[in-house]
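>>> with the sequence up front, the predicted model follows.
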Amino acid sequence: MYRDATDLLVVTELSDIHREGMAWDTNIFRIGLLIPMCGSAGIWAPSCISCAQVAVAELNRKGGIGGRQVQMVMIDAAIETGALVEEVVNELIETRAIDAIVGMHISAVRQRLSKVVRKRIPYIYTPLYEGGETTPGIFAIGDTPDKQLAPSLAALQDIYQLKGWALVGNDYVWPRSFNSYAKHFLKDLGVPIRHEEYISFGRADMKQLVERVAASKADAVLLSLVGQDAISFNRAFGKAGLDERMIRLSCAIEENGLLACGPRNVQRLFSVSSYFATLETEENAAFREVYYSIHGEHAPVLNTLGQSTYEGVHFLAGLMQHKHENWRELSFERLRDLPRKTVRTADGTEGLGGPVYLARADNLKFEILKKL
């Protein structure tokens, strides 16, 4: 365990929990921040941590949560980590070292943790996901396929009159559920699926996968690859020149991934999300100003996954303020009207069901084309 300059506690192994500084403290509200810090999704970590720190700073300036100053305990939630995240989280809960969880990680980890957390502490799950999470005590606040895919697929079909799609994703619950939704939607439009493939995490060489996509005669690719795997695929896709005849759509490519892909590999790459760094709202402009004033001009880039941890911390604060007595009996679906601070809407607050945006890669940033 170590502390960074902002007093963020980082737990790397079980023995860290019993060391000095992790005992329960009535003056401190500790949030277990679960972020992948290695592996395919590790590229997201700096932005997610930095955005959560902004939310914590804002809360602490106003008295914290329930009059307790907020502190984050960082836990690596990557599936590639050697530690069992369930054991670490269970020990943190058992020892009362954390009061809540804000998690930005893949759904497979959430499913494992749901068997451990068991409503003992609030669990805010922030990223886009496959939908359907109604477990009491788990609050999944991210975008779902019905919100993202239906309008974006319809918009791209209208623009390009596409004749067939290839579906490529990592082999776990979100891509498979995500693509299942896409297949039903495209079937209703009379558009065939030319290729469908799922790969394990950490595939370094994407050449053969790209060749199979090219041979499928699809003219569009729906990507549900995660982090570094998506980057590797897009680099190979661009190198093969497929961007000249095929478009790509992803709900998980964000600004970090865009930078890593490089401008020559993102031609005709589209993304759909409820947040982009280029979003022009007064609230996002104010958020960017605060973010860079705290972290400096070379801070990790802003993106939807980072913004989700900012929103998740504020959602937790709202939950504790308005539903402190009965949060264990509630799911996010029953909290549609719970006020939560966000930078995605005009008034800076939002319940369930805000807008999503279709954007196109423009060199190293996303140009928002339309609100869906």
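Thanks, I have it. Residues are numbered from 1 along each chain as shown.
>>> switch to C-alpha atoms for all contacts and neighbour counts from now on
Noted.
>>> ok, and the closest non-adjacent residue to the most centrally placed residue in the chain?
Closest to where the C-alpha atoms of the chain average out (CA atoms, centre = their mean) is Pro127, at 3.1 Å. Leaving aside its sequence neighbours, Pro127 sits nearest to Gly142 (CA to CA, 6 or more residues apart in numbering; 4.7 Å).
>>> show me the strands in the chain, by range?
Taking DSSP state E, the strands of the chain run over residues 2-3, 9-11, 28-35, 69-76, 100-103, 123-125, 138-140, 165-170, 193-199, 220-224, 247-250, 269-273, 357-362, 365-371.
>>> residues in contact with Lys323?
With contact set as CA atoms under 8 Å, 6 or more residues apart in numbering, Lys323 has no partners.
>>> how about stretch 43-53 as CSV, C-alpha atoms only?
Extracted in CSV, the C-alpha atoms of stretch 43-53 (Å, rounded to 0.1, in the frame of the first residue of the first chain):
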residue,chain,number,x,y,z
ILE,A,43,-5.1,2.4,-20.3
TRP,A,44,-8.3,3.8,-18.8
ALA,A,45,-6.9,4.1,-15.2
PRO,A,46,-5.2,7.5,-15.2
SER,A,47,-8.3,9.3,-16.5
CYS,A,48,-10.7,7.5,-14.2
ILE,A,49,-8.6,8.1,-11.1
SER,A,50,-8.1,11.8,-12.0
CYS,A,51,-11.8,12.4,-12.6
ALA,A,52,-12.8,10.7,-9.4
GLN,A,53,-10.3,12.9,-7.5
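>>> so how far is that stretch off the chain centroid?
Relative to the centre of its chain, stretch 43-53 is centred 10 Å away, using CA atoms, centre = their mean, to the nearest Å.
>>> buried residues in it?
Across stretch 43-53, burial judged by 16 or more other CA atoms under 10 Å covers 43-53.
>>> give me the contact list for it.
With CA under 8 Å, 6+ apart as the criterion, stretch 43-53 contacts 35-37, 104, 227-228, 256-257, 291, 295, 299-303, 305-310, 313.
>>> hang on, the earlier thing: the residue nearest to the centre of the chain touches Leu305, doesn't it?
Yes. Pro127 lies in contact with Leu305 (CA atoms under 8 Å); the separation is 6.0 Å.
>>> what is in contact with the two at once?
Listed as contacting both Pro127 and Leu305 by CA under 8 Å, 6+ apart are Met104.
>>> how far away is the residue lying closest to Asn363 once chain neighbours are set aside from Ala41?
Among residues not flanking Asn363 along the chain, Pro263 sits closest, at 4.5 Å (CA to CA, 6+ apart). Remark: distance between Pro263 and Ala41 (CA to CA, to the nearest Å) = 21 Å.
>>> who's more crowded, the two?
Of the pair Pro263 and Ala41, Ala41 is the one with more neighbours under other CA atoms under 10 Å, namely 24 against 16.
>>> right, and the more buried one touches Ala230 too?
No. With contact defined as CA under 8 Å, Ala41 does not reach Ala230; the gap is 9.7 Å.
>>> over to stretch 86-102 now: how far is its first residue from its last?
For stretch 86-102, the first-to-last residue distance is 14 Å (CA to CA).
>>> next, the buried residues of that stretch.
Using 16+ other CA under 10 Å as the test for burial, stretch 86-102 gives 86, 88-93, 96-102.
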